[in-house]
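Undergrad: here is my input, please return the structure:
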Amino acid sequence: MFFAKRALLPAALALLLAPRCLLAQDADPPPDYGEESGEGEDALEDMGEGFDSSFTDEQVRALHGKMDIDGDGKLSFEETMTLIKIIEHAQAIKEAGMILESLDTSKDGKLSLEEHLAEFQDVAPVDEDMAPEARKKAEAAKFESADRNKDGLLDKDEFAVWSPQVHEETFAVWSKHQFQMKDKDSDGKLSVAEMWNAGGRPDNKIHEEEIEDFKKMESNGDGHLDMHEFKDYKSGVFNSKTTVQSMFEVADADKDGFLTADEMVNSNKQLFESDAQFHLREWATHHGVRSEEL
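TA: Below is the predicted model of the structure:
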C-alpha cells in the first residue's frame, strides 16, 4: 500500500506525536487481560524463542487467549481494534517522560511553547502544503489544548496526555488545521487532488496507488473525504483497520467474522508474513515477550 511520503520529525518527538489510534483523554488505564486465569502464561513467557518467521502453535494459542478480551474463545474485529488502542495508549504514556526530558532545554521539568516550536524550526512540515505561519499557529493551538492549568507550560502529566494516542482534543485541534490547509476551495471536504496535494507537484499527477487508497478512505461513497474520514486516516485508525482486515482475511477460514485459536494456529505462518505481523508482535511484547527476541 502506498502513502504519501512524510518528512521525518526528530526521533524522540516523533515517538509521541506521530498519530496512531486515539483514546478519550479521561479513558481508564489499560486493563491487564488474563491476569487472574494464568492460562497460557508459560507459553507467553517463552514466546520469541527459537522461531523464524512465526510463533509456535502453543505460543499462538496463548496469544489468542490474551487478545480474546471477553473470553468467549473467539476474537472479534472490535476486540482487535480495542487492543490496538490500549497498547498505543500505554506506549504513549510510557514514552512521555523520556521525550519531555529531551525537549526540555531549560531543564525545569516542563515544556514551554518556545521550546516546542524550537524543536520544529528546522524540520520540514508533515504536510508539504502547510505554510510555516499556519504550522506555527496549529502547534500553538495544540499546545494550548494540552495546557490544562493554563500556566503556559506542560508538566509531565500534561505532556503525557498531549499525545494524539491519548488526548483526543489535542488531536482534534491538529487535524482541523491540517484539514483546512488541504481544503483549498473551503467547501468542507477534500477531493483526491486536495488530499494528496497534487496541485503542489510539478506535473499535478496523482499516483494510481493514491487513488486506490483514497477510495478506501472515503467510506460514504461521495468521492470526497469529510473531516471524520480525514481524522481516521491521520490518527492511524484507517491503517489499523486495513491491517486488521487483512489479518481476518488470512485467518478467518469459515468467514464468520471471528478468529478462533485453531484458525490462528492453522494460519500461523501466513499471519506472521502478512501486514498484521507488526501488531501481532507488538501484542506479544505487551504481554511479556522480550521485544529484542522478535
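Undergrad: so the closest residue to residue 259 other than its chain neighbours: helix, strand or coil?
TA: Closest residue to residue 259 apart from its sequence neighbours, by Cβ to Cβ, 6 or more residues apart in numbering: residue 75 at 4.2 Å. The way it works is simple: take the backbone N, C-alpha and C, and place the C-beta from them, glycine included. Three-state assignment for residue 75 (DSSP: H, G, I helix; E, B strand; the rest coil): strand.
Undergrad: give the contact list for residue 75.
TA: If a contact means Cβ atoms under 8 Å, 6 or more residues apart in numbering, then residue 75 has 64, 67, 68, 258, 259, 260, 264 as its contacts.
Undergrad: looking at the residues you listed, which one is closest to residue 106?
TA: residue 67 (43.3 Å; Cβ to Cβ).
Undergrad: can you list the residue ranges for strands in this protein?
TA: Listed in chain order, the strands of the chain (DSSP state E) span 74-76, 111-112, 153-154, 258-260.
Undergrad: residue 285 versus residue 100, what's the distance?
TA: Distance, residue 100 to residue 285, by Cβ to Cβ, to the nearest Å: 23 Å.
Undergrad: as JSON lines, the strands of the chain with distance to residue 211 and mean pLDDT would be great.
TA: Converted to JSON lines, the strands of the chain look like this (distance: least, Cβ to Cβ, whole Å; pLDDT from 0 to 100):
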{"stretch": "strand 74-76", "distance to residue 211": "31", "mean pLDDT": "95"}
{"stretch": "strand 111-112", "distance to residue 211": "40", "mean pLDDT": "94"}
{"stretch": "strand 153-154", "distance to residue 211": "40", "mean pLDDT": "94"}
{"stretch": "strand 258-260", "distance to residue 211": "31", "mean pLDDT": "97"}
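Undergrad: turn those strands into JSON lines, columns for distance to residue 138.
TA: As requested, these are arranged in JSON lines below (distance: least, Cβ to Cβ, whole Å):
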{"stretch": "strand 74-76", "distance to residue 138": "37"}
{"stretch": "strand 111-112", "distance to residue 138": "17"}
{"stretch": "strand 153-154", "distance to residue 138": "16"}
{"stretch": "strand 258-260", "distance to residue 138": "40"}
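Undergrad: list the contacts for residue 248?
TA: If a contact means Cβ under 8 Å, 6+ apart, then residue 248 has 77, 257, 259 as its contacts.
Undergrad: what is the nearest of the contacts of residue 75 to residue 118?
TA: Using Cβ to Cβ, the shortest approach to residue 118 within the contacts of residue 75 belongs to residue 67, at 41.7 Å.
Undergrad: give the contact list for that closest one.
TA: 33, 75, 79, 80, 83, 283.
Undergrad: can you tell me which of these are in helices?
TA: Secondary structure defined by DSSP state H assigns 79, 80, 83, 283 of those to helices.
Undergrad: out of the residues you listed, who's nearest residue 229?
TA: Here the nearest of the ones in helices among the contacts of residue 67 to residue 229, counting by Cβ to Cβ, is residue 80; it sits at 20.8 Å.
Undergrad: so what's that closest one up against?
TA: Residues touching residue 80, when contacts are defined by Cβ under 8 Å, 6+ apart, comprise 67, 244, 247.
Undergrad: switch to 10 Å and redo it
TA: Residues counted as contacts of residue 80 (Cβ atoms under 10 Å, 6 or more residues apart in numbering) are 67-69, 240-241, 243-245, 247-248, 259, 276, 279, 283.
Undergrad: before we move on, what about residue 183?
TA: Applying Cβ under 10 Å, 6+ apart, one finds that residue 183 lies in contact with 189, 190, 191, 194, 195, 224, 225, 227, 230.
Undergrad: I'd like those as CSV, with neighbour count, pLDDT and distance to residue 96 appended.
TA: Listed next are the contacts of residue 183 as CSV, based on neighbours: other Cβ atoms under 10 Å; pLDDT from 0 to 100; distance: Cβ to Cβ, whole Å:
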residue, neighbour count, pLDDT, distance to residue 96
189, 19, 95, 35
190, 24, 96, 31
191, 18, 95, 37
194, 20, 93, 34
195, 24, 93, 31
224, 19, 96, 36
225, 25, 95, 31
227, 16, 94, 27
230, 23, 93, 26
